[in-house]
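Chemist: Based on what follows, work out the 3D shape:
(2 chains)
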There are 2 protein chains.
Amino acid sequence: MKLFRKLISLDEALKAVLAYAKPAETEEIGFDDALNRVLAEDVCSPADSPPFDRAAMDGYAIRAEDSFGASPNNPVLLKLIKSQSEKGKESRVEEVEIGDGECFSIQTGMALPKGSNAVVMLEYTKERGSELEIFKPVTPGKNVSFKGEDVKKGEVVLKEGKRLRAHDVGMLASLFKRSVKVYKRAKFGIMSTGDELLNPEEAEPYEGEKRIADVNSYVLAGLTEAIASSYRIGIVRDNYDKIKTAISESLAGDSDCHCDGLLISGGSSVGKRDFIADAVEDLGELVFQGVGIRPGEPTGFGIVNGKPVFILPGYPVAAISAFELLVRPFLYAVHGVREERRGFFAIARKKIPSAVGRTDFVRVRLVCKENENEYFVEPIRVSGSGILSSMTKSDGFVVIEENKEGVEAEEKVEVDVWE
Amino acid sequence: MKLFRKLISLDEALKAVLAYAKPAETEEIGFDDALNRVLAEDVCSPADSPPFDRAAMDGYAIRAEDSFGASPNNPVLLKLIKSQSEKGKESRVEEVEIGDGECFSIQTGMALPKGSNAVVMLEYTKERGSELEIFKPVTPGKNVSFKGEDVKKGEVVLKEGKRLRAHDVGMLASLFKRSVKVYKRAKFGIMSTGDELLNPEEAEPYEGEKRIADVNSYVLAGLTEAIASSYRIGIVRDNYDKIKTAISESLAGDSDCHCDGLLISGGSSVGKRDFIADAVEDLGELVFQGVGIRPGEPTGFGIVNGKPVFILPGYPVAAISAFELLVRPFLYAVHGVREERRGFFAIARKKIPSAVGRTDFVRVRLVCKENENEYFVEPIRVSGSGILSSMTKSDGFVVIEENKEGVEAEEKVEVDVWE
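Modeler: Take a look at the predicted model:
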């Protein structure tokens, strides 16, 4: 009886895979190209931010003490300092100094002029020629953003391993940090294998022809792109030599495609066409073949030319399951992503059965009725790895660990939402 | 006393903005370019999927009836049908027909040969020359994925308004749907205004110079890119004519930049430099100026050349608040996105105060202790729109509606997690 070489648990597989996750190289790029990239350095602030005390509101910079006792019926009168500069240009705030009984018009974000210690909001003032009426007192520091209030000089503002969002890029801009060190996006080749596959960009099956579209190379490329870069190699036929050649060529240092790793799908089961694991073993080292996940059992991993090769199932849902459970953690490790994935907690509407001894990857829909503040989880299908609609109809997935005998109705579970 | 022209509620502002949201044009693109694009048509399946009954496991296609009574001690013996084709090539399944007492080797995903109605798994078989021993009976339909089990011919598989994920692109591939109609990504110009701004790509402030980096054009471009396309116009100085010219040029149909809309930040408060609202009114229609959100009150909206112009605050956090509360819903409407944003529900660790009469945008951190299956929310800072670190340290935001007097400790709130 022919068997999978050895079926290992998801935990063992994950450990094995992560042991081969060499950190990607780093590169220095302009901060404005850094959106969605992963930081390869701690970013410290070279200076206080804000760099000076500044107005937090539109109004007038004053000495707070001058406003004490002001009221609508008994306004305080201050002298308006006007521009010293040429006509039509406003005075630069650097040139201004506020003395007793003086004030200076100021907008949100502008530096406080020397001598002032508070801002009185526009709404509580009225200009009368060269003077200003103030209807409400302010305390020292009122409506002022203080130097270093946001970030102190030398403080780490963005940590290594952070995937940069729009506001993180804004933080880099605010620090005048023109370039940042990020992890290079590794290039993963995506290969589909199978005589039954047609390239959907090129051909359709004729009436009655029992062939199907290559789905996996598109799905796996899309999933990979979120973190690394992908290169679609396309379909390789079920021929041992062709597969072996395709693997070694795409991982050769001098090849056109020159991949840092491979995701190969199809042909990874124990059938007669189980060429890929053999080819990987032949070319390098087969680390494992067969993982206790469902769907996704015929998943393998090996090293060729020192580079990782994932052998993924042919069925799309099984390939996605293996990607989420093994490839994504690997890509995160390679690219230095320190963030955890965040799941929703939601309540299972009904029992989700699962066998002890394997990890289940269950596609689920999230349901939230109006005015309820709780999500409920509905499994879409517990088995059927050929069922791509179980993915497109789902909002995410629930992982049922191997030592768990399913999820009970009303039990709280964690849902990973599709990115 | 100079005032905002009229402070309106977020609901009013949202209604006004959405009334001007004209759906983007559509375009036909290749399915393999459609990742993250928004569908502008319902996609129906042109055929059943799978297109034929196929093996769900590796093994042998048989007539189930032939296996009845099989056991490890009493295996059933079937005749293996071998290839009729040339040597070295496997027989194509279309050419095979299974008769009584016959079987055919089959891999997961392959079509069932004529005459067979079940698959017996490899693990329960053993080949003996031209015969096969079967150790376990199967029922008809066992280990078979039936024609149309995934999707029936004519069924809507992807709905208009869906943002396409990797597995949706896979679904398009599986249907041989080579091109799809999607909404064109509208091009939004991003302009920062302010004499105090420096372009961080070009200059740094000299020692003691009270100028700051343009942050908003990077942040707003990054946020916009998630759904539309952005064009960074850069910094325009606080000069009425320059601002007016910049707006009208970027919205002119024949300009180089040729934007479908504008996001202008800075200068939107009631100060002396309140040029943008005036310029918008001068060039077209100012719909509103001043929204009861905090931060983000000095937010306005107008129409120039029939195109939307958002006037956003100069402070980055206020600009982000206005973006999330007004611009994002507008971009979703323009691009036909039907999905709701999904928030987490989480429990407030402590009271989050908020004044009735305005909508608060509170940056929060999500905390989840190990083995707890509940997220807790910690507000990072309730005010301080200059405090960019309140964004970079946060996981998302909570919106406190205007009729709510804050959030109580232990209350459940919805958290929008940063994309």
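Chemist: Residue numbers of the stretch 1-150 of chain A in contact with chain B?
Modeler: Residues of the stretch 1-150 of chain A lying close to chain B (C-beta under 8 Å from any C-beta of the partner chain) are A:1-3, A:30-32, A:35, A:49-52, A:54, A:56, A:58, A:90, A:93-94, A:105, A:107-111, A:122-123, A:125-126, A:145, A:149-150. C-beta: built from backbone N, CA, C; applies to glycine.
Chemist: Narrow those residues to those that are buried.
Modeler: For these, a burial check counting by 16 or more other C-beta atoms under 10 Å in any protein chain shown picks out A:31-32, A:35, A:49-52, A:54, A:56, A:58, A:93, A:105, A:107-111, A:122-123, A:125, A:145, A:149-150.
Chemist: The residue nearest the centre of chain A and residue B:325, how far apart?
Modeler: Closest residue to the average C-alpha location of chain A: residue A:163 at 5.4 Å, with C-alpha atoms, centre = their mean. Between residue A:163 and residue B:325 the computed distance is 24 Å (C-beta to C-beta, to the nearest Å).
Chemist: what do you get for residue A:101?
Modeler: Residue A:101 sits 42 Å away from residue B:325, going by C-beta to C-beta.
Chemist: Between the two, tell me which one has more neighbours.
Modeler: residue B:325 (21 against 13; other C-beta atoms under 10 Å in any protein chain shown).
Chemist: how about that one, secondary structure?
Modeler: Using DSSP: H, G, I helix; E, B strand; the rest coil, the structure places residue B:325 in helix.
Chemist: Let me see the contact set for it.
Modeler: Residues near residue B:325 by C-beta atoms under 8 Å, 6 or more residues apart in numbering or on different chains: B:10, B:14, B:293, B:296, B:359, B:361, B:399.
Chemist: Out of the residues you listed, who's the most crowded?
Modeler: Neighbour count (other C-beta under 10 Å) singles out residue B:296 as the most crowded of the contacts of residue B:325, with 28 neighbours.
Chemist: rewinding a little: now, which of the contacts of residue B:325 sits nearest residue B:117?
Modeler: Of all the contacts of residue B:325, residue B:399 has the smallest distance to residue B:117: 57.2 Å, by C-beta to C-beta.
Chemist: quick one: is the strand or helix carrying that closest one near chain A?
Modeler: In this assignment (DSSP states H and E), residue B:399 forms part of strand B:396-400. No - Strand B:396-400 lies apart from chain A when judged by C-beta under 8 Å from any C-beta; the minimum separation is 9.5 Å.
Chemist: next one: that strand to chain centre, how far?
Modeler: Between the centre of strand B:396-400 and the centre of its chain there are 19 Å (C-alpha atoms, centre = their mean, to the nearest Å).
Chemist: which other residues reach it?
Modeler: Residues outside strand B:396-400 that contact it (C-beta under 8 Å, 6+ apart): B:321, B:324-325, B:343-344, B:352, B:354, B:359-364, B:366, B:377, B:379, B:406-407, B:413-418.
Chemist: What of stretch A:364-384?
Modeler: Here stretch A:364-384 has contacts from A:294-295, A:317, A:344-350, A:352-354, A:360, A:362-363, A:387, A:390, A:393-398, A:413, A:415, A:417, B:56, B:145, B:149, B:342, B:345, B:412, B:414, using C-beta under 8 Å, 6+ apart.
Chemist: And the contacts of residue B:325, which is closest to residue B:245?
Modeler: For the contacts of residue B:325, the nearest to residue B:245 is residue B:296 (26.8 Å; C-beta to C-beta).
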